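Visitor: Quick check, what structure comes out for this input:
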Amino acid sequence: MSGAAHLPPAYPDRAAWGTAPKLRAWQADAISQYAERSPRDFLAVATPGAGKTTFALTVAAQLLERRVVERVIVVAPTDHLKTQWAEAGARAGIPLDPSFSGRSGAMASDYRGFALTYAGVATNPTSYRLRTERFRTLVILDEVHHAGDALSWGDAVSEAFEPATRRLALTGTPFRSDTNPIPFVTYAPGDDGIGRSVADYSYGYAEALADGVVRPVLFMAYSGDLHWRTRAGDEVAARLGEPMTKDLTAQALRTALDPSGSWIPSVLAAADKRLSEVRRHVPDAGGLVIASDQNSARAYAKILREITGTGPSVVLSDEKEASARISAFSESDDRWMVAVRMVSEGVDVPRLAVGVYATTTSTPLFFAQAVGRFVRARKRGETATVFVPSVPRVLGLAAELEVERDHVLGRVGGDTDDPLALDDELIAAAQATESTADLEPFEFQALGSEASFDRVLYDGGEFGHEGEVAVGSEEEMDFLGIPGLLEPDQVRELLRHARTRRAQRGRDAAADDDAAEAVVAGASAATKPDEPSTHEMRALLRRELNGLVGAWHHRTGQPHGVVHNRLREECGGPTAASASVDDLRTRIDKIREWATRPSR
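Guide: Modelled structure (predicted):
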């Protein structure tokens with residue numbers, strides 16, 4: 001059936017869109033390759049935060065304008081995401097109905113298509129097949145790896161959209177490893193003979209970082225002493241991050257994340273300090289805690305209220321009110337949001353800058369999608385910070401954030417043999433239930449926990465102090481206090497400098513104990529091997545000052561030169577190019593003081 005009489009114009013409403021969006025280089029390149037090949041199926045793998053939605057809607061607009069297709073159907077993992085797609089489609093001049101279902105009648109003429117979930121497709125694939133056959137249809141499969149889940153979703157997607165004129169599959173990286181092929185994805189045997197997905201276009205985190213499309217990420221890792229009782233009645237004491245069996249590592253992590261201990265309150269307090277530092281330079285920066293289950297989320301929210309004096313937004317399910325909470329948080333300047341599942345993938349809250357990974361889920365896919373909530377770049381200099389437990393698997397995923405992975409067939413339980421990992425079904429159950437007691441592979445009782453700062457992972461390197469670092473110490477603040485608006489090379493230099501401070505403090509303390517005041521104040525200071533030379537210190541402080549001036553410019557609109565002149569007037573001294581180390585430190589303290597004053 002043609003149905004042409006009932007169709008709205010086949011081209012997107014350019015008046016509603018305004019002008020075509022300014023495309024990033026990777027998006028323009030991918031669109032060019034798509035147009036040149038005109039494939040029926042196309043798989044685009046792009047790191048979270050890179051802009052897959054804009055890419056897909058631009059393709060859709062071109063296909064509609066050329067009348068290659070008449071309808072657009074978007075399939076997304078959650079209700080919130082299908083609504084988000086509908087909102088993006090409206091901005092692009094491609095109205096999509098997010099409330100349409102297989103039981104609906106004819107689609108209203110206001111729309112050029114509709115958005116639904118993978119679960120929605122599975123409820124009535126035959127109905128969607130008939131609708132796909134009726135018109136020349138483009139199907140956009142968002143986060144298409146969900147169509148390979150060990151549920152009925154894959155079969156339903158195959159049945160419903162086999163007749164589609166065009167299919168555009170999107171995903172972040174990495175895929176999972178399992179035995180279920182993803183519909184409409186091409187596989188090729190690797191060197192080991194195992195089938196691996198073949199992307200038509202790939203744009204990884206490393207490329208996006210180099211292009212300034214995503215933010216760099218600081219991973220703040222925390223270890224600590226833990227104490228718990230096993231099901232057999234044995235009491236175990238261990239330190240998070242030390243070599244342990246998989247089962248003991250899982251028990252140690254769950255002890256750390258138990259809200260009744262001291263580990264999670266200490267880490268949440270440290271994260272809030274970090275958020276305060278970031279908000280000095282990015283006033284609307286927000287934080288997100290990703291919890292394992294609803295009970296933990298509520299308990300973490302209570303702890304944050306005690307720390308900050310303000311209750312955070314709590315998102316517990318895909319109900320409409322939860323989507324409204326996410327939207328309200330995104331548009332506000334509130335400090336914290338706590339959630340279980342739904343903000344770990346695809347949800348767009350660009351102002352998120354600080355995260356706490358307080359979940360036992362540790363699959364590469366989940367980790368990459370969770371970190372993807374914090375990396376969306378808005379302006380140069382913004383840096384994301386994610387607090388993680390010092391668990392080998394989690395630290396390994398943080399260190400390998402830039403690694404691209406394909407979907408691998410033929411591996412049973414490739415990612416789920418880790419007792420820390422929960423598959424999608426268990427995550428969904430945790431989201432929808434009051435407790436995870438029925439989901440735990442073993443019983444145990446957390447008896448106590450204490451946190452300590454371990455290290456920072458950044459740009460493939462590790463930075464930290466030798467020995468244990470107490471929470472709330474000056475050594476911890478060396479890292480938590482890094483300015484929130486710096487270029488990547490400035491962050492790297494500050495981390496290297498922070499690493500030397502504790503050794504310097506130790507030498508200074510030893511000198512005081514020995515009454516060696518001359519050593520502390522005299523010429524021998526220049527011979528200390530770990531202390532930066534004067535020119536290195538001046539270069540470091542100038543970069544820090546310039547970063548803070550840039551942040552003040554973004555906050556107030558004052559030109560950089562005006563800010564520097566004002567600092568000279570208030571602090572004295574020559575221009576920054578000729579300023580001494582003491583002059584630079586005085587100006588840095590002064591501009592930090594400005595940032596703490598209430599806005600007028």
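Visitor: mind checking how far the nearest residue to T186 once chain neighbours are set aside is from V75?
Guide: Among residues not flanking T186 along the chain, V198 sits closest, at 4.6 Å (CB to CB, 6 or more residues apart in numbering). Every residue, glycine included, has its C-beta placed from N, CA and C. As judged by CB to CB, to the nearest Å, V198 and V75 stand 21 Å apart.
Visitor: okay, these two: which has more neighbours?
Guide: Set V198 next to V75 and count neighbours by other CB atoms under 10 Å: V75 wins out with 30 against 14.
Visitor: And that one, how close does it get to E143?
Guide: The gap separating V75 from E143 is 9 Å, by CB to CB.
Visitor: Do me a favour and get the backbone dihedrals for Q251.
Guide: The phi/psi pair for Q251 (degrees, to the nearest 10) reads phi -70, psi -40.
Visitor: what's the burial count for it?
Guide: A count of nearby residues for Q251, using other CB under 10 Å, gives 23.
Visitor: Could you tell me which residues make contact with the residue nearest to it when sequence neighbours are not counted?
Guide: What sits nearest to Q251 in space, not counting adjacent residues and going by CB to CB, 6+ apart, is F444, at 5.3 Å. Shown in contact with F444 (CB atoms under 8 Å, 6 or more residues apart in numbering): 228-231, 251, 254-255.
Visitor: In three-state terms, how would T385 be classified?
Guide: Look at T385: counting by DSSP: H, G, I helix; E, B strand; the rest coil, its state is strand.
Visitor: Near it, how many other residues are there?
Guide: Neighbour number of T385 under other CB under 10 Å is 28.
Visitor: Kindly report the same for Y187.
Guide: Y187 has 16 nearby residues by other CB under 10 Å.
Visitor: which SS class is W85?
Guide: Secondary structure of W85, per three-state DSSP, is helix.
Visitor: Run a quick neighbour tally on it.
Guide: 27.
Visitor: quick one: it and V72 touch, right?
Guide: No: when contacts are counted by CB atoms under 8 Å, W85 is not listed as touching V72 (9.8 Å).
Visitor: so E476 touches V267, yeah?
Guide: No: proximity of E476 to V267 does not meet the contact threshold set by CB under 8 Å, at 11.0 Å.
Visitor: So for the two, which sits in the more crowded spot?
Guide: V267 (26 against 20).
Visitor: In contact with that one, which residues?
Guide: 222, 356, 358, 387, 451, 471.
Visitor: Show me the two of these that sit farthest apart.
Guide: A358 and V471 (15.5 Å; CB to CB).
Visitor: Determine which member of these two has the greater number of neighbouring residues.
Guide: A358 (25 against 19).
Visitor: who's that one bridged to?
Guide: Counting by DSSP bridges, A358 forms beta bridges with A291.
Visitor: ok, now which ones touch it?
Guide: With CB under 8 Å, 6+ apart as the criterion, the residues that contact A358 are 257, 264, 267, 289-292, 296, 300.
Visitor: And the buried ones among those, selectable in PyMOL?
Guide: In PyMOL, this line selects whichever of the contacts of A358 come out buried by 16 or more other CB atoms under 10 Å:
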select buried, resi 257+264+267+289+290+291+292+296+300
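Visitor: Turn the contacts of A358 into JSON lines, columns for distance to F329.
Guide: Listed next are the contacts of A358 as JSON lines, based on distance: CB to CB, whole Å:
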{"residue": "L257", "distance to F329": "23"}
{"residue": "I264", "distance to F329": "21"}
{"residue": "V267", "distance to F329": "21"}
{"residue": "V289", "distance to F329": "12"}
{"residue": "I290", "distance to F329": "14"}
{"residue": "A291", "distance to F329": "16"}
{"residue": "S292", "distance to F329": "20"}
{"residue": "S296", "distance to F329": "19"}
{"residue": "Y300", "distance to F329": "15"}
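Visitor: Just give me the least confident of the contacts of A358.
Guide: Note: of the contacts of A358, the lowest pLDDT belongs to S292, at 89.
Visitor: ok, so what distance separates it from D258?
Guide: From S292 over to D258 the distance is 10 Å, taken as CB to CB.
Visitor: picking that back up, any idea how far T58 is from the residue nearest to Q251?
Guide: F444 is 51 Å from T58, by CB to CB.
Visitor: in the stretch 501-600 of the chain, what spans have low per-residue confidence?
Guide: 501-533, 535-536, 539, 547, 550, 553-555, 597-600 (pLDDT under 70).
Visitor: how about the helices in it?
Guide: 517-521, 534-556, 560-571, 581-596 (DSSP state H, counting those that start in this stretch).
Visitor: which one of those lies closest to T171?
Guide: Evaluated over the helices of the stretch 501-600 of the chain, closeness to T171 peaks at helix 534-556, with 33.1 Å, by CB to CB.
Visitor: about what we covered before: just flag the most distant two among the contacts of A358.
Guide: V267 and S292 (14.3 Å).
Visitor: check contacts around the closest residue to E570 other than its chain neighbours.
Guide: Leaving aside its sequence neighbours, E570 sits nearest to K590 (CB to CB, 6+ apart; 5.9 Å). For K590, the contact set (CB under 8 Å, 6+ apart) comprises 567, 570-571.
Visitor: For the residues you listed, pick the one with the most neighbours.
Guide: L567 (25 neighbours).
Visitor: what's the nearest residue to it if we skip its chain neighbours?
Guide: Residue nearest to L567 in three dimensions, not counting chain neighbours: R587, with 4.5 Å by CB to CB, 6+ apart.
Visitor: same check, this time on R280
Guide: Distances taken as CB to CB, 6+ apart place A595 nearest to R280, at 4.1 Å, with adjacent residues excluded.
Visitor: how many other residues sit next to the one you found?
Guide: Burial of A595 is recorded as 18 neighbouring residues (other CB under 10 Å).
Visitor: Excluding its own residues, what touches stretch 248-265? List them.
Guide: Here stretch 248-265 makes contact (CB under 8 Å, 6+ apart) with 222, 224, 226-228, 230, 236, 238, 240, 244, 292, 296, 299-300, 302-303, 307, 358-360, 389, 391-393, 419-420, 441-442, 444, 446-451.
Visitor: What's the separation between P189 and S197?
Guide: From P189 across to S197, the span is 12 Å (CB to CB).
Visitor: more crowded one of those two?
Guide: Using other CB under 10 Å as the criterion, P189 and S197 rank with S197 on top: 23 against 11.
Visitor: surely that one meets I182?
Guide: Yes: in this structure S197 lies within contact range of I182 using CB under 8 Å: 7.0 Å.
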